[in-house]
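Student: Need coordinates for the below:
(one chain, ligands or ions: 1)
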Amino acid sequence: MPAHDSYDFVIVGGGTAGCVLAARLTEDENLRVLLLEAGAADLPDAVAYPPAWPTLANSPAGWGDLTVPQRFSNAPVPLPRGRGLGGSSAINAMVFARGHHTSYDGWSNRGAKGWTYDDLLPYFQRSESAVSGAPGRGTAGPLTVGPTTRPNEILLACLDGAIEVGFPRAIDISGGLEDGFGPVDLNIVAGQRQSAADAYLTPALARPNLTVETGALAHRLLFESQRCTGVEYRVDGEIHRATATSEVVLTAGTIGSAQLLMRSGIGPETVLREAHVEVVHPLPGVGRNLHDHPRINLVHSSQRPVPTPQANHGEIIGLLRSDPHLTGPDVQIIFIDIPLPNPVAAVSNGFTIGVSPMLPVSRGSMRITSADPSAPPVLDPGYFTAAADVEVVVAGIEAAREIAASAALARWGVAEVAPGVDLTDRAMLGDYARRNFGSYCHPVGTCAMGEDAYSVVNSELRVHGVEGLRIADGSVIPVIPSANTNATVYAIAERAAELLRPS
Ligand SMILES: Cc1cc2nc3c(=O)[nH]c(=O)nc-3n(C[C@H](O)[C@H](O)[C@H](O)COP(=O)(O)OP(=O)(O)OC[C@H]3O[C@@H](n4cnc5c(N)ncnc54)[C@H](O)[C@@H]3O)c2cc1C
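Tutor: Predicted coordinates for the structure are as follows:
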């Protein structure tokens with residue numbers, strides 16, 4: 001017989017959002033909370049060491065997902081996500097930035113009410129203690145965030161180059177109010193990564209009202225009629241059932257939450273039938289609207305030796321507009337202090353300028369193929385399927401090339417290796433971009449918040465059509481904001497905690 005336990009809240013997924021919720025809900029000692037995490041409590045040592053983050057996606061701290069072959073590159077794309085306490089915040093690149101305030105306007109266009117930048121501001125602030133002390137930033141949150149104290153000289157030269165060619169110098173590029181270039185805040189404290197587990201969960205672990213189960217893969221949600229009553233999960237090969245007397249909250253991430261809904265009979269009917277899952281409630285939007293930031297890398301060699309990286313490799317970013325008439329920025333440029341692998345030639349000493357369309361309109365989807373919890377999901381973010389995204393990235397590449405041609409970088413003797421200076425024709429550059437990109441690792445949108453036919457949760461994060469079930473992670477983001485997504489997920493989870501706490 002499976003073990004059976006009862007809690008007020010059962011939270012599925014101990015990543016960015018799950019750690020916030022477990023910590024915030026158990027501040028109320030009358031609430032009993034179970035947090036289930038598929039991965040481990042103990043992660044590889046490299047998690048703590050900021051420059052090592054690129055090695056983590058294929059370690060035990062990652063799920064190792066790949067997309068289906070993409071339309072133009074005809075190749076699958078690695079789509080990393082974290083596995084273990086801290087989730088993706090334990091393997092990510094530690095950039096901490098809100099999207100530009102204008103980029104949240106798309107949320108209300110999808111019907112999400114009360115989720116503008118101004119509405120989110122108190123929750124952004126609640127999550128952080130920003131060492132910059134910049135206007136509008138939080139000062140008492142669990143995350144200590146600030147720019148690196150040891151910036152790489154090559155990246156400072158890139159920043160000088162950007163200012164030299166006319167881009168504004170942002171005071172606080174993490175704050176969501178500015179265009180321009182500047183050092184971005186990082187989740188690094190005293191030289192070590194600060195994940196959601198470090199900042200939120202670890203200080204709460206001793207609370208008697210919090211139970212954390214690791215190595216606990218949620219198989220399916222349990223329903224009585226249309227009410228979600230608990231979760232069936234496996235630990236060490238044994239099946240357990242936990243009951244939630246109040247609510248079940250999914251924080252299994254953009255892939256994990258949609259996957260679990262579908263395995264539990266909530267999703268598009270055709271997908272469920274093909275996967276031989278009994279329909280509990282048809283919800284056509286589950287898994288739809290998967291989208292992400294693709295990134296193109298302009299890889300440069302340098303005659304001067306590039307100093308050894310000390311932080312996260314990407315300490316300085318810029319936000320710019322591909323068209324000056326836009327109401328907000330739609331391109332991010334990130335300067336990276338290593339020469340990334342590229343399709344043209346290996347570079348031993350150099351750096352990279354990453355260019356990403358921040359408001360992509362390309363959309364894809366994800367689905368399950370079976371109720372088997374170990375079956376991998378079918379992931380198709382549909383990168384660059386919209387021609388508009390190609391136009392934007394080409395404009396971004398042109399801006400990056402202006403910066404690379406600055407006097408500040410000429411002093412380093414830099415030369416573009418990939419795509420290569422001969423590739424200037426816009427159509428050919430666009431073609432290069434569509435074939436040679438990677439995921440910027442910000443997938444969102446598979447359980448989108450809103451009120452249209454394809455929304456999955458309402459503005460209070462309740463799953464449409466069933467009771468006792470909410471989702472509070474990156475999957476509910478209906479339209480991706482113009483930044484790396486972690487800060488936004490922290491804010492969503494902070495707000496969810498407020499929505500869930502009995503008043
Ligand atoms: C390599 C990488 C680099 C990134 N770099 C940055 C960056 O520099 N800055 C930034 O802002 N963002 C970055 N991101 C994105 C950011 O980290 C994520 O948007 C954010 O962490 C998502 O939080 P989440 O709570 O939605 O999901 P996650 O943090 O992914 O948490 C989901 C958790 O649920 C668990 N889970 C899934 N399914 C189940 C199940 N069935 N049962 C139990 N547990 C389950 C997972 O193991 C995981 O721990 C990066 C992401 C990656 C992967």
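Student: Report the secondary structure element holding V10.
Tutor: For V10, the element it lies in under DSSP states H and E is strand 3-12.
Student: Which is the succeeding secondary structure element to that strand?
Tutor: Once the chain leaves strand 3-12, the next helix or strand it forms, by DSSP H and E, is helix 16-25.
Student: Write down the beta-bridge partners of whatever residue of the stretch 101-250 of the chain ends up closest to the ligand, one by one.
Tutor: Closest to the ligand within the stretch 101-250 of the chain is A218: 3.5 Å, counting by CB to the nearest ligand atom. C-betas here are computed from N, CA, C, even on glycine. A218 has these beta-bridge partners by DSSP bridges: Y233.
Student: How about the secondary structure of C158?
Tutor: With DSSP: H, G, I helix; E, B strand; the rest coil as the basis, C158 sits in helix.
Student: So it is in contact with I316, correct?
Tutor: Yes. With contacts defined as CB atoms under 8 Å, C158 counts as touching I316 at a distance of 6.3 Å.
Student: what residues do the two have in common as contacts?
Tutor: Counting by CB atoms under 8 Å, 6 or more residues apart in numbering, the common neighbours of C158 and I316 are F335.
Student: and these two? which has more neighbours close in?
Tutor: C158 (31 against 25; other CB atoms under 10 Å).
Student: Just want the phi and psi numbers for the closest residue in space to that one that isn't next to it in sequence.
Tutor: Leaving aside its sequence neighbours, C158 sits nearest to F335 (CB to CB, 6 or more residues apart in numbering; 4.0 Å). Per-residue torsions, F335: phi -90, psi 130 (degrees, to the nearest 10).
Student: these two touch, right, F335 and L155?
Tutor: Yes. Using CB under 8 Å, F335 is in contact with L155, at 4.7 Å.
Student: Next, show the common contact partners of these two.
Tutor: Listed as contacting both F335 and L155 by CB under 8 Å, 6+ apart are E315, I316, F351.
Student: Of those, which fall within the contact range of the ligand?
Tutor: Among the shared contacts of F335 and L155, not one lies near the ligand by CB under 6 Å from any ligand atom.
Student: now these as CSV including secondary structure and pLDDT?
Tutor: As requested, the shared contacts of F335 and L155 are exported to CSV (DSSP: H, G, I helix; E, B strand; the rest coil; pLDDT from 0 to 100):
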residue, secondary structure, pLDDT
E315, coil, 97
I316, strand, 98
F351, strand, 98
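Student: what are the ranges of the helices in the protein?
Tutor: Taking DSSP state H to define them, one finds helices in the chain at 16-25, 105-109, 117-127, 153-164, 196, 253-263, 269-274, 387-404, 407-410, 426-435, 486-500.
Student: Serialize the ones you listed to JSON lines and add fields for mean pLDDT and distance to the ligand.
Tutor: As requested, these are exported to JSON lines (pLDDT from 0 to 100; distance: least, CB to the nearest ligand atom, whole Å):
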{"stretch": "helix 16-25", "mean pLDDT": "98", "distance to the ligand": "3"}
{"stretch": "helix 105-109", "mean pLDDT": "92", "distance to the ligand": "16"}
{"stretch": "helix 117-127", "mean pLDDT": "98", "distance to the ligand": "12"}
{"stretch": "helix 153-164", "mean pLDDT": "98", "distance to the ligand": "15"}
{"stretch": "helix 196", "mean pLDDT": "98", "distance to the ligand": "7"}
{"stretch": "helix 253-263", "mean pLDDT": "98", "distance to the ligand": "3"}
{"stretch": "helix 269-274", "mean pLDDT": "98", "distance to the ligand": "17"}
{"stretch": "helix 387-404", "mean pLDDT": "98", "distance to the ligand": "18"}
{"stretch": "helix 407-410", "mean pLDDT": "98", "distance to the ligand": "24"}
{"stretch": "helix 426-435", "mean pLDDT": "98", "distance to the ligand": "20"}
{"stretch": "helix 486-500", "mean pLDDT": "98", "distance to the ligand": "3"}
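Student: mind checking which of these is nearest E37?
Tutor: helix 16-25 (7.0 Å; CB to CB).
Student: Next, the contact list for the residue nearest to S195 when sequence neighbours are not counted, please.
Tutor: Leaving out its chain neighbours, the residue that sits closest to S195 by CB to CB, 6+ apart is G86, at 3.5 Å. Contacts for G86 (CB under 8 Å, 6+ apart) come out as G14, G15, T16, C19, L43, V47, S195, A196, A197, D198, L201.
Student: distance of G86 from the ligand?
Tutor: According to CB to the nearest ligand atom, to the nearest Å, G86 and the ligand sit 7 Å apart.
Student: Then A311?
Tutor: As judged by CB to the nearest ligand atom, A311 and the ligand stand 11 Å apart.
Student: That residue against G146, yeah?
Tutor: No. A311 lies out of contact with G146 (CB under 8 Å); the separation is 11.2 Å.
Student: Which neighbours do those two have in common?
Tutor: L186.
Student: of all the shared contacts of F335 and L155, which comes closest to the ligand?
Tutor: Looking across those and measuring by CB to the nearest ligand atom, the closest to the ligand is E315, at 10.9 Å.
Student: what's the nearest residue to that closest one if we skip its chain neighbours?
Tutor: Distance criterion CB to CB, 6+ apart; nearest residue to E315, sequence neighbours excluded, is T148 at 4.8 Å.
Student: Run through the residues that contact that neighbour.
Tutor: Listed by CB under 8 Å, 6+ apart, the contact partners of T148 are P183, L186, I188, Q310, A311, N312, E315.
Student: Quick check: the two most widely separated of those residues?
Tutor: Maximum pairwise distance among those (CB to CB): 13.3 Å, between P183 and Q310.
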